[in-house]
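Enquirer: Provide a 3D model corresponding to the input given below.
(chains A and B)
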Amino acid sequence: MTLALFPWPAGWSRQQRSSATILVAIGVLCLLLWLLALPLGQVTEPIGNNAQHFAEGARVTVQLTILSGIAGVLLGVMAALGKVSRIAPLRWLAGGYVWVIRGTPLLVQVLFVYFALPVLAPALQLSDFSSACVALALNAGAYNAEAIRAGLLAVPQGQMEAARSLGLGRWHTFIDVTFPQAFKVALPPLVNNVVALLKDSSLAYAIGVVELTNIGNRVQSATFQPLPVLATTATIYLVLTTVLTQISTAVERRFDIEGKMP
Amino acid sequence: MSRAANAAGGTPLISVDKVNKRFGQHHVLRDVSTHFNAGEVAVIVGASGSGKSTLLRTLNRLEVHDSGRIVVDGIEVCDNQRQLEALRTEVGMVFQQFNLFPHLTVLENVALAPRRVRRQGRAAAQHNAMELLERVGLKAHAHKHPFALSGGQQQRVAIARALAMKPRVMLFDEPTSALDPEMVKEVLDVMKQLASSGMTMLVVTHEMGFAREVGDRILFFDQGRIAQDAPPAQFFGEQHNERIRAFLGQIAH
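Expert: A predicted model of the protein is given here:
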C-alpha cells in the first residue's frame, strides 16, 4: 500500500516533491531505527522489556537489505547486460547464473554460502552476516537481472540509432540514453524485488544472524507468548516495507515525466 | 551563390562505389554508385522498399553494407569504432520517427552530444543549443519534454539536435512521413532555411514540392538501383522513364 503521506506545496515541481519525499522517508527510516526502542519500551511485557533487542534486530534487517539490495541491483545490471550481450560466453554465464539462482531455494543458497563455500575454498569462510549478504545479493541479482533485461528490451531501437548517429560511443549511448529509459521500465519489478528482499532477509536467521525474525523467535521461545511477539515482529516489517515503498514510489514519480501516475 | 561555389570544390564530400546490401533474400542495394558534393541538396525518391532509406543508413553505418566502398569526408565507412564515431559526428541524421530522447528535456536533447562527444561544458553546450532552438523556432519550449510537443515541433528539435554537432552533411530519412499534414510545412520550412544556408543535405522524401523547389538533384531509386539522377527541371519535366511517370502519377494522386 502506498500512503499519500506528504502533501507538498502545490507550486513544487515533480522533482522537488520526489526529492523531498525521499529525504523525509530516509529521515523517518533513520529515526525509526535509532529510536525504535522508545515506543516499543512503552508496550507491556514481553515486548517492553525486549525493546532494545527488537530495535537491534530491525537495524540488522535493514543493514542486510540495504547492502544486499545495492549489490543485487549492480549484479542485476551486469547479469542483464550479459544476457543481452553479443558475446556468447557472457550470455551463457549470465544465463547460467539466473538459471541456478532462480531454480534453487533461497534458504539453500544462504546455507550453501555459509557452510559449503568454506569447504570448497577455506578463504571463503565468511561471517554469518557477510554470508547472508552475499546469498541475498546473489538471489536478488538474478531476479533483478530479468527485470532490467525487460527494461533494456523495451527501449526502442530508434533510441540507440539516434544516439549512435550523433557520434555517442557505446558507453554514453548506454549511460545517457538506454539505461535511464530501461531503468524506468524496470523500476516497478525492481521495487517488488527489494521489498521481497527485506522480508527474505529473515532467512538469515537460519545461519544465526541476529536479525528481526531471529529476535522474535528468541523472545517467543523464552516467554511462550507467540501472539504479541510475532505480531510485533510482523508490524515492524510492515512499517519498514511501508517506508521503503514510499521511497520507491517517489523514485518512480521522478521518472514519470509524462505524468502517467495518478 | 555559396552552394554553387562549394559544389565546384574538387573531390566529392560523399562517394559511394558499387555498394550492395541484402536483407536475407532481398537484394536492397544493387551496385549503387554515386557521389554527393559539398553544399548540394540531393533528394532521393522512389517506391517504398526501393532501397533509398537503406542507402542513407549505410552512409553512417546504421546499416552495414555487404560490399562496395563508401567514403564520407575522407573517412571510409567501416567497422573501426573510433573512425565510425568520428564519421558520425560529421553526419547528422533526422529520422522518420524523430527518436528524441524522451527522458531528457528539449534543451538536454540538443546539448547532450556536444557535451559528451565534443566535451563542451554544460553552459556552453546549452547556450549553443538555445541558439539552435531559436533558429528552429522552439526557444520557448526548451525546458519541456518531447512528449509535450507536437510531431512537427519534435521533428524540428530533432533537426536542431543533429545540427548541434555542426555536421558537414545532414541526412533526412522521410522526415515528414510520420507527421499530420498541417505540420509538414513547419518542418519543410526549417529544411529550406537550412538548404539556403549552404548545408549539404540528402533527403529521402515523398514531398515532391520540396524536391522541385529545393533539390539540386533528384535521384530515383527503383529496385535497389539508381534509375535516374537528374536536376529537378528535367526530372519533373518531360519524363521518358515509364516507371518514373507511373510513380509521379501515383504520388500526385
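Enquirer: Give me the residue at the spatial middle of the chain.
Expert: No chain in the question, so chain A it is. The centre of chain A sits closest to residue A:194, judged by C-alpha atoms, centre = their mean, with a distance of 2.8 Å.
Enquirer: that's the wrong chain, I meant chain B
Expert: Mean-position check on chain B, C-alpha atoms, centre = their mean. Result residue B:171 at 1.7 Å.
Enquirer: which element is that residue on?
Expert: In this assignment (DSSP states H and E), residue B:171 forms part of strand B:169-173.
Enquirer: do residue A:100 as well
Expert: Going by DSSP H and E, residue A:100 is part of helix A:88-103.
Enquirer: Pull the residues that contact that helix.
Expert: By C-beta atoms under 8 Å, 6 or more residues apart in numbering or on different chains, the list of residues contacting helix A:88-103 from outside reads A:78-85, A:109, A:138-139, A:141-143, A:145-146. C-betas here are computed from N, CA, C, even on glycine.
Enquirer: Next, the contact list for the residue nearest to the centre of chain B, please.
Expert: The contact partners of residue B:171, taken as C-beta under 8 Å, 6+ apart, are B:56, B:59, B:60, B:91, B:92, B:93, B:94, B:201, B:202.
Enquirer: Going by contacts, tell me the helices and strands next to the lengthiest helix in chain B.
Expert: If you go by DSSP state H, chain B has its longest helix at helix B:181-196. Packed against helix B:181-196, as judged by 3 or more C-beta pairs under 8 Å, 6 or more residues apart in numbering or on different chains; DSSP states H and E, are the following elements: helix B:151-163, strand B:200-204, helix B:208-214.
Enquirer: Now that helix: buried residues?
Expert: B:183, B:184, B:185, B:186, B:187, B:188, B:190, B:191, B:194, B:195 (16 or more other C-beta atoms under 10 Å in any protein chain shown).
Enquirer: where in the stretch 101-250 of chain B is pLDDT low?
Expert: Residues of the stretch 101-250 of chain B meeting the criterion pLDDT under 70: none.
Enquirer: and it, which residues reach chain A?
Expert: Residues of the stretch 101-250 of chain B found near chain A (C-beta under 8 Å from any C-beta of the partner chain) are B:101-103, B:112-113, B:116-117, B:145, B:147, B:158, B:161-162, B:165.
Enquirer: so after the helix or strand containing residue A:129, what's the next helix or strand?
Expert: Following DSSP H and E, the helix or strand that holds residue A:129 is helix A:128-154. Later in the chain than helix A:128-154, the nearest helix or strand by DSSP H and E is helix A:157-165.
Enquirer: Would that next one count as contacting chain B?
Expert: Yes: using C-beta under 8 Å from any C-beta, helix A:157-165 reaches chain B at A:158, A:159, A:161, A:162, A:163, A:164, A:165.
Enquirer: cool, and stretch A:242-255?
Expert: Yes: residues of stretch A:242-255 contacting chain B under C-beta under 8 Å from any C-beta: residue A:255.
Enquirer: Residues contacting that stretch, please?
Expert: A:1-3, A:5, A:14-15, A:17-19, A:21-22, A:25-26, A:28-29, A:32, A:65, A:180, A:183-184, A:187-188, A:191, A:194-195, A:198, A:261, B:103.
Enquirer: picking up where we left off before, which helices and strands does the helix holding residue A:129 pack with?
Expert: Under the contact criterion of 3+ C-beta pairs under 8 Å, 6+ apart, helix A:128-154 touches helix A:51-83, helix A:88-103, helix A:106-111, helix A:179-200.
Enquirer: who's in contact with the residue of chain A most remote from its centre?
Expert: Distance from the C-alpha centroid of chain A peaks at residue A:165, with 36.8 Å (C-alpha atoms, centre = their mean). Counting by C-beta under 8 Å, 6+ apart, residue A:165 touches B:60, B:62, B:88, B:91, B:92, B:93, B:162.
Enquirer: now with 6 Å?
Expert: B:60, B:88, B:93 (C-beta atoms under 6 Å, 6 or more residues apart in numbering or on different chains).
Enquirer: The last one - how many residues pack around it?
Expert: Think residue B:93. 27 (other C-beta atoms under 10 Å in any protein chain shown).
Enquirer: likewise the one 10 residues further on?
Expert: Residues contacting residue B:103 under the criterion other C-beta under 10 Å number 19.
Enquirer: was I right about it contacting residue A:179?
Expert: No: counting by C-beta atoms under 6 Å, residue B:103 does not reach residue A:179; the two are 9.9 Å apart.
Enquirer: Walking through chain B, point out its strands one by one.
Expert: In chain B, the strands defined using DSSP state E lie at B:14-23, B:26-36, B:41-46, B:67-72, B:75-76, B:91-94, B:169-173, B:200-204, B:217-222, B:225-230.
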